[in-house]
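> Turn this into a model:
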Amino acid sequence: MAEVQGAASYPGETAGVRKYFYYTKEKVSSDWKDLAFHLGFEQPDIDNIEGRNRDDKSRCMDLLEEWLKRNGERATIEVLMEALSESNLQSVVDGLRRKLQDMPSPVPVPVGAPGTDSSSEVLQTSMKKYYELKLSHFKPLIWNDNFTLALSDIFTQLEFIQKSEKQLKTTKKSKRSESDLKEERKKLKSLEDLFDPDVTGLSTAPRCILIEGEAGGGKTTFLSKEALDAVSQKTQLGRQHNTVLFIRLREVREGETIEEMVWDQCVPQRKDVTIESIETILEQNESRVLFLLDGYDELRPEARTAGQAIPKLLSGKLYPNSTIVITSRPSAGVQQHTRPDCHVHIMGFSPEHMVKYVRKYFFITESAELAEEFIRQHFTVYNYDSDNDDDEDDRLSSISDSSTETKSHDNVEDEEENEDEFSDESDSSTESHDNEEVKVESTASSLHVVLKDNKLFNNIIQTPLFLLLVCLLWEEDQEMVSTGTMTGLYDNLLTCLVRKYCKREGVDMPTEGLPTEVAESLLQFGKLALEALLRNETLLDLTEVEREKVYCELLLKLGVVSLEVSFSKLHPRNQLNFSHKTMQEFLAGRYVAHALVNQDIVELLQLTSITKALELSNLLQFTCGCDSRAAQAVMEELSKISKKEFSHLRLDNFQNKRHKVVPVEPEIKESVKTYRRFMLLGLDVLNERKEPGVLQAVSRALPVVIMDLRSLRKQHAALKYYLENIQSSHLPDRMILDSSYVDVSEALQYLEQLVTSPIPGLKVDLRLDDVTFDSPVPDETVQHLQQCLPGLRVDLKPTEQFDSPDETARLVSVLKDVPGLRVLDLAWTYLTPSSLKPLVQGFSHMSLLEELDLSRNPDLGDAGMEVLQFGLSSVPHLAILVLELVCMTAVGMSSLVPYMHHLVGLRELDISYNYIGDTGLESLTTVLPIFTDMQVLVLCNIDISPTGMRTLVPALCQLTRLIKLDISENAIGDPGLEFLAAILHRLTAMKVLVLRQTGISDRGISSLIKALPHLVQLQVLDVSFNNIGDSGIVSLVETLCQPSSLDMKQNPPGDKSLTTAPHYNTTLQELYIGGNRKVTGAGLERITQLISALPALTRLGMSGYWNTPAHLSDSAAMALAEALPRLPALERLDLEYISMEPAGFRAVVQAAEEHPTLEMLL
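A predicted model of the protein is given here:
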């Protein structure tokens, strides 16, 4: 065995220099830049090291490794100590000298022994060879040894998800608009993009990257390829990390250490690599260790508990300076242990590679012409000419293979939006296929391949192995691929596999059904597949399968499963792996359909909740597709569960109001999301079994049908069947169909195709956003919809500009033929007085209009109001009128008011951000009392003074149904608030009161406090950005928290509101008290002690004043941190312009990160 010498003295020695890196980086830490300068590094090098590491210790270790790499033998301990001394780090030098003096005399040590330079190299070499042996190739078809897949060729698409959750803003300039808070998605070319700050927005390299995808989506394939590329240093990730650890979490057992996992799964068994040496290497090279953890969802429950190794690694208690990439199915619980720096969605096998492997398969089977037919049927190939960027019309280059379909650039954007399958440009886009493959020629161009519109088909072929099985089916009979149902496709695939097996083995294949032995074995195996599915497992231990006397050899020969040897040396076993999770669900579904004859569905599937039903959605679809009685039994049980779980939902919860009046409770929001998913499951079941009995069961389970027509693919046939066969006694309460970026005429014609005969009593809301009006609605379409859907309501929001009379006249020519037009949203459409005129004249054709939004059209002005007034009599059913920011003055308001008498049913009026003033407001008050149904009145920023408030309040007294009043950004001052407070006892239905930036102080707030006991339904209160001080703001919060202690004298005769007031506030959901210039840290501290008495809060704004930020003491910050867990629904907390001590700040941040619902901390 080769030997090396330990370092006995330091002059000129290089063999042991790396062993001192760990000590050096621990001691140097934040002074690493000084050391870098004295080691000869330039500023760009230093910036590069800083950018690619998360913390100073990692940067220091990276620096030392880079120094050693650059200088080789010249990188001695003597040189390092000299640089440390020049950096004024003498204490580190002294420590190194003591370590050198304590070194024993040189003794022979084996290669790979802990502490030697070669130990890490031995481990790396062993891992590289081991990964190449285990991961690089596999043969997916048991009957075809000629077909081999190379993992290095597979390209899996990734999508970076940038979310707003837990965003921490600590600077004044870091404000973001609400629109910025939406989830952002970016396609990634590779995992390395996540180390690019321009992609992620992160200032440092991520420590933990979470990759999520459904089972069978390619997570293991992707991570295996990353491991191979990294150990071969083909990627920057591999070059930055010299220790790459690929760990399959399903092999991990309770109590195993990280080092044991590495020894068990990452290296071959050899004497010179031990668990102890692995531990030493990981500790000394921590910042250059890359953990690739595969399948958190498959980690055993006992190995997920807090004290186990994997949770400790994720939380940073072990190897905090290492880098982690972890894969999982969605919502498996990774976030319980760590907050990932990056969240990635795996999109599966890229379309370019799908085309490549289709050609490869059919070449081997000598059926190349079938490949091109397959590609033409299921893919669209775009060819962009990179030399012709100036002219979009010339960007499409022809493809010499005429059998491959191409499309013009004009359609590319729509296709991309509809499919969401456009792949990024990559080397694979232009690469030449192997000589044996049919080529797609292209000169100076970039190819993009897009899957066509077939969600059912697309979902399964994104897994390489399943794509090959579909090719197998296509080769057998092309019609067998296009069944229209999941069960039909899988049933045909199974039949095809059995037929090939029978042909190879000389077994007779019956005309109908399967051979008896095969059928019995598949049913028996289906039972085991179901049991594994309910355990959330996709692998079956071969020993256990054989113990059940299942004919394993037959299953392997069929190709529905493959034999896999576990990676673990500690727990070696043979396993049966399904070709795709859906194959497991299909076989289990066949068994369930058979077993339901004698067993109860709840007992068989543990089907006790909607959540469980959604987890088993594919299984349920296959079960229902296999047998009619099973389908009815499944839907009857789901109907019972849904009635119980969704009993609190009301029809109004599904309405897509553009102008939110009151906040939606988090529970309601989540329930609506869950219901929408459940509704799609119901239609999927109906798609599998289009039969009257199943339809009846589905209709009972779905009181509301709500769908987005843009994503209506697989459910199209089911919805059509539903509408053609639904009985009047089983009609839903409402059918809501959404779509956007479509032409109005096309949307209505699509609805015409769905509804082929009259359905009296069916109420349908068709909500169309960002629509165009390119063509008129055909008369026959209008007549058909009027006859078949008398309950149709249409909401329209155009995306075009209407700044000329001709454009508006074109709009009216279409609108007059839209049946059931109820909502017209023309905000931000550049309307002018002249372009408004044709629209107003067209109101006579829109007599049923209930909502009109003309906001954000500042060119309208008073002249526009004079045009609008003459159309109001034509829309007597108008209930919502929005005229925000139309530059109306008192003149325009006065001209409009006399004609508003026609709108007696008006429920919402918004005239904010205009120049109305007290004079215009006085005109409005003459008509306000007739609007007895008024619920929402928005008067924000219209120049109201205290005098105007005195004029307004008598009219407000008549609006007893008012639930929202917004008079923010008006200088009403304390007198104005006192006028309002005096009549609040008449407005007991009030739920939203907005008094932001109204110039009120403690005097005014005291009058509001006295009136608050009457507002027992108040959900939102906003008094932010005023002149309120500590006394006023604390009294207000105390009042909100303890309404029972308030002044009872305000109770007028006959008013029971005070006696029924709750003893603590479970109603208030949003409270905004920030930005008040006189509030100090002392006031905020008192508030932190009170807010836990407002458990229903979803949003809390308590920021300081921008010019004089308040300081929150440690005790106040700790009180806030302790209060957060007692606000279980909190989604947003605003603490801008507040300073804290480090300890208090850390406590608040930690509490915010641990909070289950908090999405934003500002």
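
> Return the distance of Ala718 relative to Val704.
Separation of Ala718 from Val704 (CB to CB, to the nearest Å) stands at 16 Å. The way it works is simple: take the backbone N, C-alpha and C, and place the C-beta from them, glycine included.

> Of the two, give the one with the bigger neighbour count.
Ala718 (23 against 19; other CB atoms under 10 Å).

> which SSE is that one in?
Here Ala718, judged by DSSP states H and E, is contained in helix 715-725.

> elements contacting the next helix or strand after that helix?
Note on helix 715-725: by DSSP H and E, the next helix or strand toward the C-terminus is strand 734-740. When contacts are defined as 3 or more CB pairs under 8 Å, 6 or more residues apart in numbering; DSSP states H and E, strand 734-740 packs onto strand 704-708, strand 763-771.

> right, and those - which one's nearest Glu752?
Closest to Glu752 of these, according to CB to CB: strand 763-771, at 11.4 Å.

> quick one, phi psi at Val344?
As for Val344, its main-chain torsions (degrees, to the nearest 10) stand at phi -120, psi 140.

> which residue packs closest to it, ignoring adjacent ones?
Ile211 (4.6 Å; CB to CB, 6 or more residues apart in numbering).

> Am I right that the one you found is in a strand?
Yes. Counting by DSSP: H, G, I helix; E, B strand; the rest coil, Ile211 is found in a strand.

> which residues does it bridge with?
In this structure, Ile211 bridges to Thr327, Val344 when assessed by DSSP bridges.

> what's the pLDDT at Met635?
For Met635, the pLDDT comes out at 91.

> Secondary structure element holding it?
Short version, using DSSP H and E: Met635 is in helix 628-645.

> Kindly export the host helix or strand of Leu84 (C-alpha atoms) in CSV.
Assigned by DSSP H and E, Leu84 belongs to helix 77-86. This file holds the C-alpha atoms of helix 77-86, laid out as CSV (Å, rounded to 0.1, in the frame of the first residue of the first chain):
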residue,chain,number,x,y,z
ILE,A,77,1.9,26.5,5.2
GLU,A,78,4.8,29.0,5.5
VAL,A,79,3.3,31.2,2.7
LEU,A,80,-0.2,30.9,4.4
MET,A,81,1.2,32.0,7.8
GLU,A,82,3.0,34.9,6.2
ALA,A,83,-0.1,36.1,4.5
LEU,A,84,-2.1,35.8,7.8
SER,A,85,0.6,37.8,9.6
GLU,A,86,0.4,40.6,7.0
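
> what is the mean pLDDT for it?
Helix 77-86 comes out at a mean pLDDT of 86.

> Next: stretch 477-484.
Rounded mean pLDDT across stretch 477-484 is 76.

> Only the buried residues of the biggest helix by length in the chain, if you could.
When the chain is scanned for its longest helix (criterion: DSSP state H), the result is helix 666-688. Residues 666, 671-672, 674-676, 678-688 are the ones in helix 666-688 that count as buried (16 or more other CB atoms under 10 Å).

> same question, stretch 227-238
Applying 16+ other CB under 10 Å to stretch 227-238 flags Ala227, Leu228, Asp229, Ala230, Val231, Gln233, Thr235, Leu237, Gly238 as buried.

> Including distance to Val518, could the helices and strands packed on strand 734-740 go into TSV?
Supplementary listing: the helices and strands packed on strand 734-740 in TSV, determined by distance: least, CB to CB, whole Å:
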stretch	distance to Val518
strand 704-708	40
strand 763-771	48
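
> Using TSV, please lay out the ones you listed together with distance to Glu78 and mean pLDDT.
Shown next, in TSV, are those (distance: least, CB to CB, whole Å; pLDDT from 0 to 100):
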stretch	distance to Glu78	mean pLDDT
strand 704-708	70	89
strand 763-771	70	91
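
> Relative to Thr1039, tell me which of these wins on proximity.
Taking those one by one with CB to CB, strand 704-708 is closest: 39.5 Å.

> other SSEs contacting the closest one?
helix 666-688, helix 715-725, strand 734-740.

> Could you rerun that using 7 Å?
helix 666-688, strand 734-740 (3 or more CB pairs under 7 Å, 6 or more residues apart in numbering; DSSP states H and E).

> Just the CA coordinates for the first one, please, in PDB.
Extracted in PDB, the C-alpha atoms of helix 666-688 (Å, rounded to 0.1, in the frame of the first residue of the first chain):
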ATOM      1  CA  PRO A 666     -58.400  32.200   4.600                       C
ATOM      2  CA  GLU A 667     -60.500  29.100   5.300                       C
ATOM      3  CA  ILE A 668     -62.900  30.100   2.500                       C
ATOM      4  CA  LYS A 669     -60.100  30.800   0.100                       C
ATOM      5  CA  GLU A 670     -58.600  27.400   0.700                       C
ATOM      6  CA  SER A 671     -62.000  25.700   0.500                       C
ATOM      7  CA  VAL A 672     -62.700  27.300  -2.900                       C
ATOM      8  CA  LYS A 673     -59.400  26.100  -4.200                       C
ATOM      9  CA  THR A 674     -60.000  22.600  -3.000                       C
ATOM     10  CA  TYR A 675     -63.500  22.600  -4.400                       C
ATOM     11  CA  ARG A 676     -62.300  23.600  -7.800                       C
ATOM     12  CA  ARG A 677     -59.800  20.700  -7.800                       C
ATOM     13  CA  PHE A 678     -62.600  18.300  -6.600                       C
ATOM     14  CA  MET A 679     -64.900  19.500  -9.300                       C
ATOM     15  CA  LEU A 680     -62.300  18.700 -12.000                       C
ATOM     16  CA  LEU A 681     -62.000  15.200 -10.500                       C
ATOM     17  CA  GLY A 682     -65.700  14.800 -10.800                       C
ATOM     18  CA  LEU A 683     -65.600  15.700 -14.500                       C
ATOM     19  CA  ASP A 684     -62.600  13.400 -15.000                       C
ATOM     20  CA  VAL A 685     -64.600  10.600 -13.500                       C
ATOM     21  CA  LEU A 686     -67.500  11.400 -15.800                       C
ATOM     22  CA  ASN A 687     -65.000  11.500 -18.800                       C
ATOM     23  CA  GLU A 688     -64.000   7.900 -17.900                       C
END
